[in-house]
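> need a 3D model of the sequence below.
(one chain, ligands or ions: 2)
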Amino acid sequence: MVVEAIPKMTGMIYAIIGFFILVVLFYKNRFTRKIGYLFVVTSTIVGFLVFAPMFPNQFQLLILGKAWENQVAIVGFLLFIVLTFVFGRIFCGYLCPIGAIQELVYSAPVKKLRITSKTLPVHLLFFIVFLFFGLVFSVGILTYLGFRDFFYLNITSPFFYVFLVLLVISAVIYRPFCRFFCPYGVLLSLASARSLFKLRRNDSCINCKKCERACPTNEADGDAKLECYLCNRCVDACPVNAIEYSRNNF
Ligand code: SF4
Ligand code: SF4
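Ligands and ions are numbered 1, 2, ... in the order given. Now for the predicted structure:
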């Protein structure tokens, strides 16, 4: 379904403009989950039409030495790491088509399975395996997870169905691809761990823990950290408006 006539740059421009619109909405406390869904639907459509911005794919191409001539992709890849370091995981939350489609599927009204332990150790292990196979054997193991075939609707490829299964799992487990497999996600997790802006509790908190029960990644027990996708579930769950997107005071 990807329309090759549409320049990949379109996806990059969409992501940059979308990013700053979302930053302003978060900062002004005007963001709502309805707006968030508008973005995840749009990002999913952009993914199917343009297959951009797909930084996990760019990262694999860079590791395989196949994208160094594409300076726009490299600049975009680095730019969103820097932006995440400042503003948190807005890109993952709303603009990456792979993240967006998992977010959409998770809204399906089925019983959820919440993983209560930290996913970062498993994610880091996969990241090391990804780097090892890419750098030593020139094998891109992300290919076998099939998101490229999925967005290209290449139903003759067996990997299309691997990603389809991951998506079905996404209805029950929050963002399995992002939390266990995405190599770019590892970099963005680390960048967001101490981001300048993030969701924080203020003094109004009555410690009712409703935000912690609402969070699909166990990040709402204090200032949101590296696995926060800025989904805003904690903000909506808080009865006293004690969670706000604000700047680190250091
Ligand atoms: S973790 Fe990776 S796949 Fe998930 S939203 Fe972020 S960049 Fe996209
Ligand atoms: S519920 Fe709150 S802390 Fe948890 S991922 Fe969503 S925005 Fe981040």
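
> all contacts plus neighbour counts: C-alpha atoms, from now on.
Noted.

> who's in contact with the nearest residue to Tyr94 once chain neighbours are set aside?
Excluding its sequence neighbours, the residue lying closest to Tyr94 (CA to CA, 6 or more residues apart in numbering) is Val40, at 5.2 Å. Neighbour list for Val40: Tyr94, Leu95, Pro97, Ala100, Ile101, Glu103, Leu104 [criterion: CA atoms under 8 Å, 6 or more residues apart in numbering].

> any chance of these in CSV, plus pLDDT, neighbour count and distance to Leu199?
Below are those laid out as CSV (pLDDT from 0 to 100; neighbours: other CA atoms under 10 Å; distance: CA to CA, whole Å):
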residue, pLDDT, neighbour count, distance to Leu199
Tyr94, 98, 30, 16
Leu95, 98, 31, 18
Pro97, 98, 30, 23
Ala100, 98, 26, 20
Ile101, 98, 21, 23
Glu103, 98, 26, 19
Leu104, 98, 17, 22
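
> just to revisit the earlier point, how much space between the residue nearest to Tyr94 and Glu212?
23 Å (CA to CA, to the nearest Å).

> show me the residue at the heart of the protein, geometrically.
The centroid of the chain falls nearest to Cys92 when counting by CA atoms, centre = their mean (2.3 Å).

> excluding covalently adjacent residues, which one is nearest to the residue in the chain sticking out farthest from the centre?
Relative to the mean C-alpha coordinate of the chain, counting by CA atoms, centre = their mean, the farthest residue is Ile206 (30.1 Å). Leaving aside its sequence neighbours, Ile206 sits nearest to Val240 (CA to CA, 6+ apart; 7.8 Å).

> just Cys238 next, same as before
Per CA to CA, 6+ apart, closest to Cys238 is Cys211, 5.7 Å.

> how about that neighbour, what does it touch?
Counted by CA under 8 Å, 6+ apart, Cys211 has contacts Ala220, Asp221, Arg233, Cys234, Val235, Ala237, Cys238.

> again, but for Glu4
Contacts of Glu4 by CA under 8 Å, 6+ apart are Val50.

> gap between it and Phe48?
Taking CA to CA, one finds Glu4 at 11 Å from Phe48.

> next one: Leu131
Relative to Phe48, and taking CA to CA, Leu131 is found at 27 Å.

> now Asn70
Distance from Asn70 to Phe48, by CA to CA: 21 Å.

> those two - which one has more neighbours?
Using other CA atoms under 10 Å, the more surrounded residue of Asn70 and Phe48 is Phe48, with 18 against 11.

> name the nearest residue to that one, sequence neighbours excluded.
Phe48's closest residue in space is Phe151 (CA to CA, 6+ apart), at 5.1 Å.
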